[in-house]
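Asks: Here is a sequence with its predicted model. Questions after.
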Amino acid sequence: MVVSHVEVISREMVKPSSPTPHHLRNLKLSFLDQIAPPVYIPLIFFYKPELGNNIVRAQKSQSLKQSLSDTLTRFYPLAGRIKDDIFIDCNDAGVEYVEAQAHAQLSHVVENPNVEELKQYLPIGPFGTSAAMGEEALLAIQINSFDCGGLAIGLCISHTIADVSSLVTFTNAWAATARGAIENVINPSFELAFHFPPRDLLGFMPTTGITKEKIVTKRFVFDKMKLATLKESASSTIGSRVKDPTRVEAVSALIWSHLINVAKSKLSPKKIFVATHAVNLRSRMSPPLPDHALGNICRFTHALSMSEGHGTEFGDLLNKLSSAIRKIDSDYVKDLQIGDGCLDYLKVMIEIFSKREVEFCNFSSWWRFPVYEVDYGWGKPVWVGTTNFPFKNVTILMGTSCGEGIEAWINLLEDDMILLERDHKLLSLDAGKINA
């Protein structure tokens, strides 16, 4: 049951503190932006009450608004609007800024989070209206003040213009501005269209992938010790050729293997299991792009497994997934920059997706993004989360507050989640705590 305890106090538009120069008014979307799903990306930062600090809510709000306005002068496209699906009109229309009162104790929300209820801390429904199709703001922010003095800052950014890395870059710049650490604020790069020029999409239209079926989200927490055990098991398991898998590879392959078991237990006609995994392209380009390069600088790789015979065991799946991720290299990026093969590939994948014998498991890793460095002047967040995604078989991997663990936010059909929660082997790895 979802309990509503957030009261919206005000809504307004916050604009850059200095007008965007005329020669910067039109920013082309890159090819990677053109094919991004037309949804918003949600992130929520939770801050505990400050001991011995008497800063009132009004002062915090004024500081946040002013620093946001100042930050937008550097990140000026975020205050613009998309025009004709091909460029951003950097017209300083502003970002949506919402203030709300959360009639609850932050500790209760953080220690026992109800994933469905976390939507209350977001300024908009991230998977409803798309900023790619009209005059909606490209960035929306909600400041939630708890009765105990804690704060939750919810952000939604249009996926048409940014990936998660871009959102975290902006948020850290805003926080540094708010606490007066101007020397830590970088000047972002908006040159993605130079590297990936926009193209005629030849009739291809990006879709949200939203399902009308009921999706349930469960958060599994793998702490440092569990991850070490999992990596050791991955290296020594029969069939594994990956001797030192990353934590993300090991967790993704583990979850993929359990989701395959769920599909098999239903006696469905699935014959092929495909794992898609988002890969950050910044460090894989030649020369590499800096972390503060903004846009959709990521692509999905695909690993395939057949349900008949062998090949769906943990070690085999890890081999396939790790190999697929490592294929995303500088040569892959060059092909992506100069060829139209990506569009043809996307069309083929959509056709495959529509067939009943294929089961997709989708992974996106937000681990290692510096979300726990976002300090507005009253300390680092005690927890950073997201919300449930209305997509079938989607897993978001996030870091824990100590930096050593991984939170896996798994989104499944309700019946599939019931089956997964009976998997005692997977449940035995779940630490269940945010500070794992």
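Replies: Received the coordinates, thanks. Residues are numbered from 1 along each chain as shown.

Asks: Return the helix or strand in the chain with minimum mean pLDDT.
Replies: Taking mean pLDDT, DSSP states H and E as the measure, the helices and strands of the chain show their lowest mean at helix 341-353, namely a mean of 65.

Asks: Report the next helix or strand after that helix in sequence order.
Replies: strand 358-365 (DSSP states H and E).

Asks: can you tell me the average pLDDT over that next one?
Replies: Averaged across strand 358-365, the pLDDT comes to 92.

Asks: Enumerate every residue touching the most centrally placed residue in the chain.
Replies: Per C-alpha atoms, centre = their mean, the C-alpha nearest to the average position across the chain is that of Val164, at 4.8 Å. Applying C-beta atoms under 8 Å, 6 or more residues apart in numbering to Val164 gives the contacts 41, 43, 364, 366, 369. All C-beta spots, glycine's among them, are computed from the backbone N, C-alpha and C.

Asks: In three-state terms, label the last one for me.
Replies: Following DSSP: H, G, I helix; E, B strand; the rest coil, the label given to Phe369 is coil.

Asks: show me where pLDDT drops low in the stretch 1-150 of the chain?
Replies: Counting by pLDDT under 70, the low-confidence segments of the stretch 1-150 of the chain come to 1-2, 51-56, 128-134.

Asks: at 80 what do you get?
Replies: In the predicted model of the stretch 1-150 of the chain, residues 1-4, 50-58, 128-135 satisfy pLDDT under 80.

Asks: contacting residues for Val185?
Replies: Each residue near Val185 by C-beta under 8 Å, 6+ apart is listed here: 71, 74, 173, 176-177.

Asks: One more: Asp70?
Replies: 17, 177.

Asks: and it, backbone torsions?
Replies: Backbone geometry at Asp70, expressed as degrees, to the nearest 10, gives phi -70, psi -40.

Asks: same question, the one 4 residues further on
Replies: The phi and psi values for Arg74, taken as degrees, to the nearest 10, are phi -80, psi -40.

Asks: Pull up the per-residue confidence for the nearest residue to it once chain neighbours are set aside.
Replies: With sequence-adjacent residues excluded and distances taken as C-beta to C-beta, 6 or more residues apart in numbering, Arg74 is closest to Asn187, at 5.9 Å. With respect to pLDDT, Asn187 scores 89.

Asks: Asn187 contacts Tyr76, doesn't it?
Replies: No - assessed by C-beta atoms under 8 Å, Asn187 is found out of contact with Tyr76, at 11.1 Å.

Asks: Between those two, tell me which one has more neighbours.
Replies: Tyr76 (23 against 9; other C-beta atoms under 10 Å).

Asks: what separates the more buried one from Pro123, distance-wise?
Replies: Look at Tyr76 and Pro123: by C-beta to C-beta, to the nearest Å, they are 20 Å apart.

Asks: immediately after the helix or strand containing Ala253, which helix or strand?
Replies: Secondary structure here is read from DSSP H and E; on that basis Ala253 sits in helix 247-265. Next helix or strand after helix 247-265 toward the C-terminus (DSSP H and E): strand 272-280.

Asks: pull the CA atoms of that next one into CSV?
Replies: Included here for strand 272-280 are C-alpha records, laid out as CSV according to Å, rounded to 0.1, in the frame of the first residue of the first chain:
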residue,chain,number,x,y,z
ILE,A,272,16.5,-17.4,-26.4
PHE,A,273,17.6,-15.2,-23.4
VAL,A,274,19.2,-11.9,-24.2
ALA,A,275,21.0,-9.7,-21.6
THR,A,276,21.4,-6.0,-22.6
HIS,A,277,23.9,-3.9,-20.7
ALA,A,278,24.5,-0.2,-20.9
VAL,A,279,28.1,0.8,-21.4
ASN,A,280,29.6,4.2,-20.8
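
Asks: Show me what counts as buried in that strand.
Replies: 273-280 (16 or more other C-beta atoms under 10 Å).

Asks: Let me see the ranges of the helices in this structure.
Replies: Ranges of helices within the chain are 31-34, 57-74, 106-111, 164-178, 192-195, 224-236, 247-265, 314-326, 330-338, 341-353, 414-420, 424-427, based on DSSP state H.

Asks: is it possible to export those to TSV including distance to Asp375?
Replies: Conversion of these to TSV gives the following (distance: least, C-beta to C-beta, whole Å):
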stretch	distance to Asp375
helix 31-34	30
helix 57-74	12
helix 106-111	17
helix 164-178	6
helix 192-195	28
helix 224-236	23
helix 247-265	25
helix 314-326	32
helix 330-338	33
helix 341-353	38
helix 414-420	35
helix 424-427	35
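
Asks: of those helices, which approaches Phe204 most closely?
Replies: Within the helices of the chain, the stretch nearest Phe204 is helix 341-353; the backing value is 5.6 Å (C-beta to C-beta).

Asks: Give me the domain ranges for the protein.
Replies: Following automatic domain parsing, one gets these domains for the chain: 6-195, 215-427.

Asks: Which one, of those, ends up nearest to Leu202?
Replies: With C-beta to C-beta as the measure, domain 215-427 is the member of those nearest Leu202 (6.2 Å).

Asks: Now do the end-to-end distance for that closest one.
Replies: 19 Å (C-alpha to C-alpha, to the nearest Å).

Asks: Figure out how far it is from the centre of its chain.
Replies: Relative to its chain's centre, domain 215-427 lies at 12 Å (C-alpha atoms, centre = their mean, to the nearest Å).

Asks: re the thing from before, nearest to Lys48 among the contacts of Val185?
Replies: Closest approach to Lys48 among the contacts of Val185 (C-beta to C-beta): Ala176, at 20.1 Å.

Asks: gap between the two ends of stretch 215-233?
Replies: Distances were taken as C-alpha to C-alpha; on that basis the terminal residues of stretch 215-233 are 31 Å apart.

Asks: want to try CSV for the buried residues of strand 272-280, with pLDDT and distance to Ala250 as columns?
Replies: CSV is the format used below for the buried residues of strand 272-280 (pLDDT from 0 to 100; distance: C-beta to C-beta, whole Å):
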residue, pLDDT, distance to Ala250
Phe273, 90, 18
Val274, 91, 19
Ala275, 95, 13
Thr276, 95, 17
His277, 97, 13
Ala278, 96, 17
Val279, 96, 16
Asn280, 97, 18
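
Asks: That concludes my questions; thank you for your assistance.
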